[in-house]
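> pasted the sequence and its predicted model underneath.
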Amino acid sequence: LEYCESQRIVVQAHTPLGHGSPLLLENEVILSVSCQLDCSPAQVLIRWQGQQGVCVVVKFSSEEHAKEIQAAMMTNDMFLSPQQMKAIDEIGMSIDSHRFVCPQFMYRKLASWSW
């Protein structure tokens with residue numbers, strides 16, 4: 001992210017709430033932070049990415065879901081502390097960690113791409 005920022009490149013989150021199993025929305029760190037802030041796990045994840053300057057695009061499955069995500073994106077009174085940011089940053093850093101988004105195109109060989 002630092003390099004992109006230095007080059008004025010906007011980073012967009014792909015599947016910002018994670019995908020697959022185990023669900024990132026059910027992660028113990030995310031759940032703990034959501035309890036501390038009295039908000040949903042989705043709002044925590046959106047806020048975490050937003051505080052890093054990441055452009056977040058989220059698919060809505062219902063009007064209620066849309067309002068929940070909008071609240072996280074528009075509020076100025078919900079911020080994650082440096083300790084909360086660090087705890088979320090460290091999710092998935094262990095050797096036995098799970099990749100929460102694993103699109104198939106990530107495994108193509110560069111030579112197989114047609115430019």
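In hand now; what should we look at?

> near the nearest residue to Tyr3 once chain neighbours are set aside, how many other residues are there?
Leaving out its chain neighbours, the residue that sits closest to Tyr3 by CB to CB, 6 or more residues apart in numbering is Ile9, at 7.9 Å. (Glycine included, C-beta is placed from N, CA and C.) Applying other CB atoms under 10 Å, we find 9 residues neighbouring Ile9.

> the lowest-mean-pLDDT helix or strand in the chain pairs with which strands, parallel or anti?
Using mean pLDDT, DSSP states H and E, strand 12-13 stands out as the lowest-scoring helix or strand of the chain, at a mean of 74. Partners of strand 12-13 in the sheet, by DSSP bridges, are strand 55-56 (parallel).

> check which element follows the partner strand along the chain.
Per DSSP states H and E, the first helix or strand lying C-terminal to strand 55-56 is helix 63-74.

> residue closest to the middle of the protein?
Nearest to the mean C-alpha position of the chain, by CA atoms, centre = their mean, lies Pro16 at 4.0 Å.

> show me the contacts for that one.
Leu45, Ile46, Gln49, Val54, Val56, Val57, Val58 (CB atoms under 8 Å, 6 or more residues apart in numbering).

> make a ChimeraX selection of the buried ones in those.
Selection of buried members from those for ChimeraX, criterion 16 or more other CB atoms under 10 Å:
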select :45,46,49,54,56,58
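
> tabulate the contacts of Pro16 (CSV), appending pLDDT and distance to Ile69.
What follows is the contacts of Pro16, written out as CSV (pLDDT from 0 to 100; distance: CB to CB, whole Å):
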residue, pLDDT, distance to Ile69
Leu45, 89, 10
Ile46, 87, 6
Gln49, 86, 12
Val54, 82, 14
Val56, 80, 8
Val57, 78, 10
Val58, 76, 5
